[in-house]
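1. Make a model of this:
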Amino acid sequence: MTILAFDASTLACSACVMRDGKILASRYLNTGLTHSQTLLPMIEGVLADAGLTIDQIDRIGVTVGPGSFTGIKIAVATAKGLAHKNKTPCAAISSLHALAEGIGFDGIVCAVEDARRNMLYNANFKNGKRLCEDRQISVSDLLNETDEPLLFCGDGSQIALTEAEKAGKTAFKPTADRGFIRAETVAQITENLPKDALLTPERLEPCYLRLPQAERERNEKENKLTERT
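-> Numbers count the residues shown, from 1 in each chain. As a prediction, this is how the structure comes out:
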């Protein structure tokens, strides 16, 4: 099985090609350039590095969120476009799952992304099993859920760790860099999915967890106008 996998849900961007569990080509960028500039050339690059074309890809795995609204939108649109010609099956991978995958820890692994406004995108895992659905939660509510040791991964880790230490919680960050997602992990998750968990390109959709900022601001303005009238 040959898999093309990529991620653009955070500031970093990555892509890889994997065949039967072996990574053939991989690229990772965290240069500050927009994903509209980097993602497609990166995908074209890993395909060229692997000596393959998109017609030889059996599955496409992509992180669908939560995370950066723009990055997720670009990644999902790119996956749909690449998959359209051959109706290539797609895997919609949670960015939080990809962050936590493969981390061994005697406690709860908390994947946390900074959702701004003192909120986190979060999903918790223990012994590789998911404990809750992807969600938006405050740091205080997350810390109040359990007294077990916590290990934070993702770009919200420092925020959560600082508050955990203030609250006297036992909490850590991984020794390796798990602040951003690697496409290799997305590929591994994609390979292990059963066929009935895959989607047609038409059914692949982003998972934002909340409305984009522009839409939230528009709704707030409309609500204020309604209150005045």
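
2. now the residue positioned nearest the centre of the chain: how far from Ala5?
-> Central residue of the chain (Cα atoms, centre = their mean): Ser95, 1.7 Å from the mean position. Ser95 sits 12 Å away from Ala5, going by Cβ to Cβ, to the nearest Å. Placement of C-beta: from N, CA and C, glycine included.

3. Check Glu184 too.
-> 8 Å.

4. Can you check which residues contact both of the two?
-> Contact criterion Cβ atoms under 8 Å, 6 or more residues apart in numbering; residues shared by Glu184 and Ala5: 16, 18.

5. Which one of those two is surrounded by more residues?
-> Legend: neighbour count by other Cβ atoms under 10 Å for Glu184 and Ala5, higher for Ala5 (33 against 19).

6. secondary structure element for the more buried one?
-> strand 2-7 (DSSP states H and E).

7. my guess is Leu142 meets Cys110, correct?
-> Yes - between Leu142 and Cys110 there is a contact under Cβ atoms under 8 Å: 6.9 Å.

8. where do the contact lists of these two overlap?
-> Residues touching both Leu142 and Cys110 (Cβ under 8 Å, 6+ apart) are 122, 160.

9. quick one, which of the two is more surrounded?
-> Remark: of Leu142 and Cys110, Cys110 carries more neighbours, 30 against 22, as counted by other Cβ under 10 Å.

10. helix, strand or coil for the more buried one?
-> Assigned with DSSP: H, G, I helix; E, B strand; the rest coil, Cys110 falls in the strand class.

11. Can you check the pLDDT for it?
-> You'll see Cys110 listed with a pLDDT of 97.

12. In contact with it, which residues are there?
-> Here Cys110 is in contact with 100, 122-124, 142, 150-153, 160 (criterion: Cβ under 8 Å, 6+ apart).

13. can you redo these as a markdown table with secondary structure, distance to Ala83 and pLDDT?
-> Putting the contacts of Cys110 into a markdown table (DSSP: H, G, I helix; E, B strand; the rest coil; distance: Cβ to Cβ, whole Å; pLDDT from 0 to 100) gives the following:
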| residue | secondary structure | distance to Ala83 | pLDDT |
| --- | --- | --- | --- |
| Ala100 | helix | 26 | 96 |
| Asn122 | strand | 29 | 98 |
| Ala123 | strand | 25 | 98 |
| Asn124 | strand | 31 | 98 |
| Leu142 | helix | 35 | 97 |
| Leu150 | strand | 37 | 97 |
| Leu151 | strand | 35 | 96 |
| Phe152 | strand | 33 | 96 |
| Cys153 | strand | 29 | 95 |
| Ala160 | helix | 35 | 96 |
